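A.B. asks: fold the following and give me the result.
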Amino acid sequence: MYSLIVTAKLNDVDSHARLADVIGRINDIPVSRLPNLRPWNWKNTRHATHTQAA
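C.D. replies: Predicted coordinates:
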């Protein structure tokens, strides 16, 4: 758990928001898109999703 939190912080990602989002989406995401859930990719993917929704 500690390594997940620290890795998120090192990538300037809110660890709580990321973990909540990943846990909520992990069952529905195709295996080919799992790399999008890594902290260094999640921030960019999350930003693009919110930008398109607005």
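A.B. asks: quick one: the helices in this protein?
C.D. replies: 2-10, 15-25, 39-53 (DSSP state H).
A.B. asks: could those go into a markdown table alongside distance to R33, mean pLDDT and mean neighbour count?
C.D. replies: (Glycine included, C-beta is placed from N, CA and C.) A markdown table is the format used below for those (distance: least, Cβ to Cβ, whole Å; pLDDT from 0 to 100; neighbours: other Cβ atoms under 10 Å):
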| stretch | distance to R33 | mean pLDDT | mean neighbour count |
| --- | --- | --- | --- |
| helix 2-10 | 19 | 86 | 12 |
| helix 15-25 | 9 | 89 | 14 |
| helix 39-53 | 9 | 66 | 13 |
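A.B. asks: tabulate these (a markdown table), appending distance to S32.
C.D. replies: Converted to a markdown table, those look like this (distance: least, Cβ to Cβ, whole Å):
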| stretch | distance to S32 |
| --- | --- |
| helix 2-10 | 22 |
| helix 15-25 | 14 |
| helix 39-53 | 13 |
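A.B. asks: closest to V31 out of these?
C.D. replies: For these, the distance to V31 is smallest for helix 15-25, at 13.0 Å, taking Cβ to Cβ.
A.B. asks: which elements pack onto the closest one?
C.D. replies: In terms of contacts (3 or more Cβ pairs under 8 Å, 6 or more residues apart in numbering; DSSP states H and E), helix 15-25 is packed against helix 2-10, helix 39-53.
A.B. asks: excluding its backbone neighbours, what's nearest N11?
C.D. replies: Spatial nearest neighbour of N11, excluding adjacent residues (Cβ to Cβ, 6 or more residues apart in numbering): P39 at 4.2 Å.
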